[in-house]
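Participant: My questions concern the predicted model and sequence given below.
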Amino acid sequence: MDTSYGNESMGRRKWRFLQGQFIKNPRRLRRHSSKPEIIQQNNRIIDRIRVAIKIGMAAERFLDSGIVWPVPEAVREAGFGISPEELAVIASNHRLLRLNHHGGVGGISNKLQVSLKEGIKEDTIEVRKDIYGTNKHDEKPSKRFWNFVWDALHDLTLIILMVCAVISVIVGLFTEGFPKGMYDGIGIILSILLVVIVTSVSDYRQSLQFIELDNEKKKIYVHVTRDGIRQKMLIYDLVVGDVVHLSLGDQVPADGLFVSGYSLMIDESSLTGESEHVHISHKKPFLRSGTKVVDGSAKMLVTAVGMNTEWGKLMSTLSHGGEDETPLQVKLNDVAALIGQIGLAFATLTFLVLLSRFCVAKYINGTAWSTEDASIIVNYFAIAVTIIVVAVPEGLPLAVTLSLAFAMKKLMDSQALVRHLSACETMGSAGHICTDKTGTLTTNHMVVNKIWMCDMTKSLSYTNDTVKDLYSVIPKNALSVLLQCIFENTSSEVVRGKDGKNTILGTPTEIALLEFAVELETIGGLQYDKHEMVKIEPFNSEKKMMSVVISVPGGYRLFCKGASEIILDMCDKLLDKEGNVIPMSRNQAKDILAIINGFASEALRTISVAFRDLDEFDSKEAIPKSRYTFIAIVGIKDPVRPGVKESVKTCMDAGVMVHMVTGDNINTAKAIAKECGILTDDGIAIEGPVFRTKRPEELKELIPKIQVMARSSPLDKLKFVEAWKDMFNVVVAVTGDGTNDAPALNRADIGVAMGISGTEVAKESADVIVLDDNFSTIVVVAKWGRSVYINIQKFVQFQLTVNIVALIVNFFSACIIGTAPLTAVQLLWVNMIMDTLGALALATEPPHDDLMKRPPVRKEDSLITMTMWRNIIGQSLYQLVVLGILVFQGKKIFNLSGVDADATLNTLIFNSFVFCQVFNEINSREMEKINVFEGMLGNWIFMGIIAGTVFFQVIIVEFLGTFANTVPLSWQFWLLSIVLGSISMIIAVILKQIPVEAVLQSIVVPKGYEPLPAGPDGV
């Protein structure tokens, strides 16, 4: 994923400076951000381990193969003949001499009591774990709850407040005695402890969520043979002696030895740093954990697991630097820096004004200084520091993390695993989705639906009568060649499961062909025996074909299968109606191409097969690509997934363009695209070879119209993504499942890998893994991404309103009447409502369907919109007017007098201020809609926080007055506070009638769709 944000902005640098000097706890703010020193430390560790690996490998040439490694008694008693240490060294250091000393791979398997064909026996697993270890590396323990409490106590402003509280207690004891003199200081300390506990609980819960998601990321499955049964299991369950099946895109799960396979190429750059791929064969059989299969397939024998591998040691030493800051957090840092500076200025001015007025009053009255004066000054300082606590919006970046964590958890339930935090919010800004066809838009459950062979076209329904008809119209010798081609030229295999039933393993296309061949063989009474394999060139998305060479009596036979047009171009002969090989004329080639296009126009995936006989063949040479005999065209049906058409329309309505990028025939692609609603009247479909020849100036005009790209290679997909990003500066999401899709997944703003069909290489390169391979799930991710962004905007609107009112009320009260109506304890409570509880309430709002009825947010759009400023200013003015009247005219209006008059008025001001925030929190649920109650009762987190805030407000006012500087209020004053707060909802309705200038986005949409208003105004 592209996460380069350029140099750090001036605002962000200021925020870092403020954070380091006096702003709230940097440990908490940066907990989920990657630290440069940790990254550098990890790089140094990796470099040292790479050097150690190379030295170990180089040292092998100087070691004597005759050195005897003792076999421990425990190993002998378990029935094994080689020690764990020696076994680990053989693969990790490429000790070929030592391997040959034990009799090669066969000798090692004998000493491990394993059959290379049947695998290990299930009843030996526990013994193998005891002797050779488990396939898990040591991990650093996660932080406990008390670690989060300790981090929260490192908040500099809270430390200053605690010092002020202690001084207040000491001075109070001297002036007012015990216990009255302790009340103010103890109240501040209790408030601080409450803030610390709530903060720690919130952070700890987030930490547990991230640990759970991190564990999901680590779940990698491999195919293993045990007791003669092929089965799928987690890599953590592997033991020494397991026979593992590797295929293109897999991660090598442990150290091991090559048993058998074809064209196996390994990327060892994660261990050695070398970018050149390594060819693995019987001559060089060493496989190491953590490396990637980039071509071919193989079976391997596991020889070392977990901490006995270099990869395990590497993983256990690396520190986890956390996630990079997301783009939204970067934006919020600039906002926070500005607010923090304003808060510092107001706090300083408030303290200076209060201190100046106090000193002037002392001078005018001619009173002497006393210890009580020290207590008053300490209280002034505590108020100033608390203003900084309230003003600094620590909750802004944390609200992003909280919202993303909540969204990631919910997306897991919707079959989407988010690997990187930033992808969740970035997906909400996606303007284009480049999706695969097979398995994403379609069900990926394929069946052979139609076949053309020997100049005959036959539809299949998989009934006995239908398949028998093939034998009546197609010569038996031709069908025999077809079966031979399918059985020999395949990467699938039939395996026996634990239930005793046979299962076909492989790609959906391979499975469909093999199922058809098995049915054809069974009904026809044929029995096919496989021949010796001489060479194989596996399928990949570049060649779009697979070829094999087998040994047959009198020579060799070559088979190839793949994209129909490519196979047809390789052929100069075909089978006639009698099954004889005849030359292919140009007209016949045109007729076959027309049949291919006819199949494709019916939304069938076409696969063609061909063969060629040779007298001689050198396995060191490449398999020829010409002079083949065309056998058949197979049409494979892959139905469109239910709900895909509706999901595509949802994207279109939301201003998100969907592009199909597939390797299939262009007619098949167009048919599926029209069925899904992707290809519209004014859109075009293009083939990859044509696309890659276009010049940049042609692309700029062409790209906005491209809705389908067929016969595309991974490089075509990469070029398409880069063109959208570089030429049009839009946010692009790309789906991929193959190893060769990794460049496009990395280059896109959001890389989406398929969980079922995707290779481990693709998943490693992706930001999001769609566990069910369903396009509709991608739309759900986009909806949650938009929800994250809009939720943060709601929280920003709410928090800025509280900030403005709290700062102005305390400052002007200090200037005019010489006291601050909101005390340190009260401000700390307001801060908790505003920061942690406010973030939890507003940042966890679930998405609604209206989010997908507005265009995506553009990269250059401001986080705080005109609509938000309208609401912030309007609500702030109302609250300032209400609180101002209470501060300056409250006593007169309510005829308050006596010793409790000031305390009663200040409590009323505090109570009214809190209820204004409670009702404004409800207002903030919708920035433009009048109905703010929709869905509120269903959000138990929001309802719980509102109810909890009101409950604790009653406790603070009625029962904790000694510590919170409040007095119990009459029911009339309680009712007044609630009424004053609820009027803010009427104010919100009035404000929403005031039109604000909408910034319209220009988005390219297909005919029939109209651009929608930009920003949250359309929600």
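Facilitator: Perfect, thanks for sending it.

Participant: what's the closest non-adjacent residue to the spatially most central residue of the chain?
Facilitator: Most central in the chain under Cα atoms, centre = their mean is Val418, positioned 2.1 Å from the mean C-alpha point. Leaving aside its sequence neighbours, Val418 sits nearest to Met408 (Cβ to Cβ, 6 or more residues apart in numbering; 4.6 Å). All C-beta atoms are positioned from the backbone trio N, CA, C, and that covers glycine.

Participant: picking up where we left off before, hmm, the residue nearest to the centre of the chain is touching Asp767, no?
Facilitator: Yes: using Cβ atoms under 8 Å, Val418 is in contact with Asp767, at 7.2 Å.

Participant: mind listing the strands for the stretch 351-500 of the chain?
Facilitator: 416-418, 432-435, 447-453, 456-459, 493-496 (DSSP state E, counting those that start in this stretch).

Participant: Including mean pLDDT and distance to Val887, could those go into CSV?
Facilitator: Shown next, in CSV, are the strands of the stretch 351-500 of the chain (pLDDT from 0 to 100; distance: least, Cβ to Cβ, whole Å):
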stretch, mean pLDDT, distance to Val887
strand 416-418, 87, 48
strand 432-435, 92, 54
strand 447-453, 91, 78
strand 456-459, 89, 85
strand 493-496, 72, 80
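
Participant: partners of Gly562 in the sheet?
Facilitator: Met545, Ser608 (DSSP bridges).

Participant: what's the neighbour count on it?
Facilitator: Number of residues near Gly562 (other Cβ atoms under 10 Å) recorded here: 20.

Participant: Tell me where the model's unsure across the stretch 51-200 of the chain.
Facilitator: 51-68, 156-157, 160-161, 164, 171-172, 174-177, 180-181, 183-184 (pLDDT under 70).

Participant: which stretches of the stretch 501-650 of the chain have low pLDDT?
Facilitator: 524-528.

Participant: hang on, the earlier thing: name whatever forms a beta bridge with the residue nearest to the centre of the chain.
Facilitator: Val768.

Participant: could you measure it against Leu745, distance?
Facilitator: 14 Å (Cβ to Cβ, to the nearest Å).

Participant: and what of Leu908?
Facilitator: Leu908 is 59 Å from Leu745, by Cβ to Cβ.

Participant: so which strand or helix has Leu745?
Facilitator: helix 742-747 (DSSP states H and E).

Participant: Please export the C-alpha coordinates of that helix as CSV.
Facilitator: The C-alpha coordinates for helix 742-747 follow below in CSV (Å, rounded to 0.1, in the frame of the first residue of the first chain):
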residue,chain,number,x,y,z
ALA,A,742,1.8,-8.4,-5.6
PRO,A,743,3.2,-5.3,-7.4
ALA,A,744,-0.3,-4.0,-8.1
LEU,A,745,-1.5,-4.7,-4.6
ASN,A,746,1.5,-2.8,-3.2
ARG,A,747,1.1,0.1,-5.6
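
Participant: Do a quick rundown of the helices in the stretch 701-850 of the chain.
Facilitator: Under the criterion DSSP state H, counting those that start in this stretch, the stretch 701-850 of the chain contains helices at 714-728, 742-747, 760-765, 775-816, 824-832, 838-842.

Participant: what helices or strands is the fifth one leaning on?
Facilitator: Put plainly, it is helix 824-832. Judged by 3 or more Cβ pairs under 8 Å, 6 or more residues apart in numbering; DSSP states H and E, the packing partners of helix 824-832 are helix 156-176, helix 183-217, helix 371-391, helix 775-816, helix 901-923, helix 961-964.

Participant: what separates that helix from the chain centre, distance-wise?
Facilitator: Put simply, helix 824-832 sits 36 Å off its chain's centre (Cα atoms, centre = their mean, to the nearest Å).

Participant: Numbering from 117 from now on, please.
Facilitator: Got it, first residue is 117 now, which makes that one helix 940-948.

Participant: Helix 891-932 and that helix, what's the angle between them?
Facilitator: 160 degrees (axes from the mean of the first three to the mean of the last three Cα atoms, to 10 degrees).

Participant: Could you check the angle helix 940-948 makes with helix 299-333?
Facilitator: Going by the same axes, to 10 degrees, helix 940-948 makes 20 degrees with helix 299-333.

Participant: Buried ones in helix 940-948, by neighbour count?
Facilitator: Ala940, Val941, Gln942, Leu943, Leu944, Trp945, Val946, Asn947, Met948 (16 or more other Cβ atoms under 10 Å).

Participant: Ok, the first one next?
Facilitator: Of all the residues in helix 830-844, those buried under the rule 16+ other Cβ under 10 Å are Pro830, Asp832, Lys833, Leu834, Lys835, Phe836, Val837, Ala839, Trp840, Lys841.

Participant: show me what contacts the nearest residue to the third one once chain neighbours are set aside?
Facilitator: In space, Lys833 comes closest to Ala860 once its chain neighbours are excluded; the distance is 4.5 Å by Cβ to Cβ, 6+ apart. Contacts were defined as Cβ atoms under 8 Å, 6 or more residues apart in numbering; by that measure Ala860 touches Cys550, Pro830, Lys833, Leu834, Val837, Val850, Gly852, Gly867.

Participant: Can you pick out the most distant pair from those?
Facilitator: Comparing every pair within these by Cβ to Cβ identifies Pro830 and Gly867 as the most remote, at 12.6 Å.

Participant: Now the common contact residues for those two.
Facilitator: Shared contacts of Pro830 and Gly867, counting by Cβ under 8 Å, 6+ apart, come down to Gly852, Ala860.

Participant: check contacts around Gln1069.
Facilitator: Applying Cβ under 8 Å, 6+ apart, the residues contacting Gln1069 are Asn1027, Val1030, Phe1031.

Participant: all strands for the stretch 717-866 of the chain, in order.
Facilitator: Using DSSP E, counting those that start in this stretch, strands in the stretch 717-866 of the chain cover 720-730, 744-753, 773-777, 800-803, 822-826, 848-852, 866-870.

Participant: okay, these in CSV with distance to Phe675 and mean neighbour count next?
Facilitator: What follows is the strands of the stretch 717-866 of the chain, written out as CSV (distance: least, Cβ to Cβ, whole Å; neighbours: other Cβ atoms under 10 Å):
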stretch, distance to Phe675, mean neighbour count
strand 720-730, 5, 23
strand 744-753, 9, 23
strand 773-777, 29, 25
strand 800-803, 26, 18
strand 822-826, 25, 24
strand 848-852, 29, 29
strand 866-870, 28, 30
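
Participant: Out of those, flag the one nearest Ala710.
Facilitator: strand 744-753 (10.9 Å).

Participant: Point out the other helices and strands that the closest one packs with.
Facilitator: By 3+ Cβ pairs under 8 Å, 6+ apart, strand 744-753 packs against strand 563-569, helix 592-604, helix 624-640, helix 680-685, strand 687-691, helix 702-717, strand 720-730.

Participant: Direction included, what does that strand pair against?
Facilitator: Going by DSSP bridges, the partners of strand 744-753 are strand 563-569 (antiparallel), strand 687-691 (parallel), strand 720-730 (antiparallel).

Participant: any idea of the angle the first one forms with helix 624-640?
Facilitator: Spelled out, that is strand 563-569. Using the same axes, to 10 degrees: strand 563-569 against helix 624-640 is 70 degrees.

Participant: Just the CA atoms of strand 563-569, as CSV, please.
Facilitator: Taking C-alpha atoms only, strand 563-569 is exported to CSV below (Å, rounded to 0.1, in the frame of the first residue of the first chain):
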residue,chain,number,x,y,z
VAL,A,563,-18.4,-27.0,-14.0
VAL,A,564,-17.8,-28.0,-17.6
ASN,A,565,-20.9,-26.7,-19.4
LYS,A,566,-20.1,-27.1,-23.1
ILE,A,567,-17.4,-28.8,-25.3
TRP,A,568,-16.4,-28.5,-28.9
MET,A,569,-14.4,-31.4,-30.3
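
Participant: centre of the chain versus it, how much separation?
Facilitator: Per Cα atoms, centre = their mean, the centroid offset for strand 563-569 relative to its chain is 39 Å.

Participant: More neighbours: which of Leu1024 and Leu861?
Facilitator: Remark: of Leu1024 and Leu861, Leu861 carries more neighbours, 31 against 25, as counted by other Cβ under 10 Å.

Participant: Hmm, that one is touching Gly874, no?
Facilitator: No: contact between Leu861 and Gly874 fails when scored by Cβ under 8 Å: they sit 9.7 Å apart.
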